[in-house]
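Asker: mind folding the following:
(4 chains)
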Protein chains: 2
Amino acid sequence: MLAYAVGMAERKSDRTRAAILAAARERFGADGYERATIRAIAADAAIDPAMVMRYFGNKEKLFAAAAEFDLRLPDLRDLPPDELGDALVRHFVTRWEGDDTLLALLRSSVTNEAAADRMRGIFAAQLAPTLRALAVEEPAVRAGLVASQTLGFALCRYILGIAPIATMSHDEVVAWLGPTITRYLTSSAP
Amino acid sequence: MLAYAVGMAERKSDRTRAAILAAARERFGADGYERATIRAIAADAAIDPAMVMRYFGNKEKLFAAAAEFDLRLPDLRDLPPDELGDALVRHFVTRWEGDDTLLALLRSSVTNEAAADRMRGIFAAQLAPTLRALAVEEPAVRAGLVASQTLGFALCRYILGIAPIATMSHDEVVAWLGPTITRYLTSSAP
DNA sequence: AAGAAAAGTCAACAGGTGTTGGCATATGCT
DNA sequence: AGCATATGCCAACACCTGTTGACTTTTCTT
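Answerer: All right, here's what the predicted structure looks like:
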């Protein structure tokens, strides 16, 4: 196999690797870590279960690979402070609905310690630093508060399907949760 | 077996029945529905796994029996509206920490539909009517919003263990979440 | 005290799980 | 073309799960 000027040529294994990862995210997202079986993931990807092991070693490592996630937080520095919450909430909802990874992470983190670690990492290593850059006081506390409202909303909307929450429009979600997040970011500590 | 004037005599089976239920709540709370095995629950209760089946039929029915839960919402009608959130949050936190059932329910509802049903039922059949009695508009929407912040907080504090959230005092929790809940109950629809 | 009913024990079943090693096929290089 | 390597499939393993039926021991009634 050669490396061309523009990068590696696409091997066939890259495609199945990607197919496995996509199927894994879907299954972990729909069933959670323990109920998502390697056999089911392999079937979705139309390959043999043994291939999953060859490519990722074991189930833990497969999950670790499938649950890599970047919040892709936008630059919020030139926003008026009282619009921070709205912007963050809108970003979260879109991010949540465009990618299976967060759902896989949420469903798995409740019963799997490695998944919980990942989830903690996202808020500690991605959200908290962003808040620090905004000169928010006690960024870790605020990040935790944002996590509590954000994850709770996702739980009610995407997993539990609590009726009025699950059917809200994006605008309604922003109107309800935005001010909460803004307060968590801008209010002085109690 | 006789029925006495003051009620049924306590059979031995009542004690083991209670022991099984307590062990079940603990295991479901610590491990979630699928990872909590009947064998482990039986071992905790110091009995034979077959007893669990004799007493409760199957795992589903055991969970149904173990996950019965009453929020025990206090009477909030003579509280000034701007103190509603504080009172509710304080009640939730205490209720959460004094009973394994809610944790079992939360951990299980993410991957088990019956548990999710129970969770929905708690907010639809216990919280929403209470809000209706307080003359809150759109009680179902407000109940859903309260659920989102309340469950999200529990997720972060008791399951994920997100650092600053997990170590907050009750007073801090009330100070941060109280105003949010109050707004969800008293603010007019957006 | 004798017998019925309740409570508890034991071993096994059928099915599903992650994981492994051996074997076949296809791909790409020289 | 021939060969090494990458890719894939199959069958099996050891283990764990919920669940069952037959058997023994305890408890209570008569």
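Asker: got the contact list for stretch A:51-58?
Answerer: Contact with stretch A:51-58 is made by A:13, A:16-17, A:20, A:38, A:41-42, A:45, A:62, A:65, as judged by C-beta atoms under 8 Å, 6 or more residues apart in numbering or on different chains. Every residue, glycine included, has its C-beta placed from N, CA and C.
Asker: try it again with 10 Å
Answerer: Here stretch A:51-58 makes contact (C-beta atoms under 10 Å, 6 or more residues apart in numbering or on different chains) with A:13, A:16-17, A:19-21, A:23-24, A:38-39, A:41-42, A:45, A:47-48, A:59, A:61-66.
Asker: please apply the same query to stretch A:73-91.
Answerer: The contact list for stretch A:73-91 (C-beta under 10 Å, 6+ apart) reads A:71-72, A:92, A:95, A:126-127, A:129-131, A:133-136, A:146, A:149-150, A:153, A:170-171, A:173-186.
Asker: state the mean pLDDT of that stretch.
Answerer: Mean pLDDT, computed over stretch A:73-91, is 96.
Asker: report the buried residues of that stretch.
Answerer: Within stretch A:73-91, the residues that count as buried by 16 or more other C-beta atoms under 10 Å in any protein chain shown are A:73, A:76, A:84-90.
Asker: need the buried ones from the contacts of stretch A:73-91 selected in PyMOL.
Answerer: Buried residues among these (16+ other C-beta under 10 Å), as a PyMOL selection:
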select buried, chain A and resi 92+95+127+130+131+134+136+146+149+150+153+173+174+175+176+177+178+179+180+181+182+183+184+185
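Asker: restricted to helices, list the contacts of stretch A:51-58.
Answerer: When DSSP state H defines the helices, the subset of those inside them is A:13, A:16-17, A:19-21, A:23-24, A:38-39, A:41-42, A:59, A:61-66.
Asker: ok, back up a step: nearest to A:Pro164, of the buried residues of stretch A:73-91?
Answerer: A:Val89 (16.7 Å; C-beta to C-beta).
Asker: please put the alpha-carbon coordinates of the helix or strand hosting that closest one into CSV.
Answerer: Assigned by DSSP states H and E, A:Val89 falls within helix A:84-97. C-alpha atoms of helix A:84-97 as CSV (Å, rounded to 0.1, in the frame of the first residue of the first chain):
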residue,chain,number,x,y,z
LEU,A,84,-25.3,33.1,25.9
GLY,A,85,-27.9,30.7,27.1
ASP,A,86,-30.0,30.9,24.0
ALA,A,87,-27.0,30.3,21.8
LEU,A,88,-25.7,27.4,23.8
VAL,A,89,-29.1,25.7,24.0
ARG,A,90,-29.6,26.0,20.3
HIS,A,91,-26.2,24.6,19.6
PHE,A,92,-26.8,21.7,22.0
VAL,A,93,-30.1,20.7,20.5
THR,A,94,-28.8,20.8,16.9
ARG,A,95,-25.6,18.9,17.9
TRP,A,96,-27.7,16.4,19.7
GLU,A,97,-30.0,15.7,16.8
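Asker: and A:Ala19, how far from A:Ser13?
Answerer: From A:Ala19 across to A:Ser13, the span is 10 Å (C-beta to C-beta, to the nearest Å).
Asker: now the residue nearest to the spatial centre of chain A. Nearest residue, chain neighbours left out?
Answerer: Closest to where the C-alpha atoms of chain A average out (C-alpha atoms, centre = their mean) is A:Leu102, at 2.6 Å. Residue nearest to A:Leu102 in three dimensions, not counting chain neighbours: A:Trp96, with 5.3 Å by C-beta to C-beta, 6 or more residues apart in numbering or on different chains.
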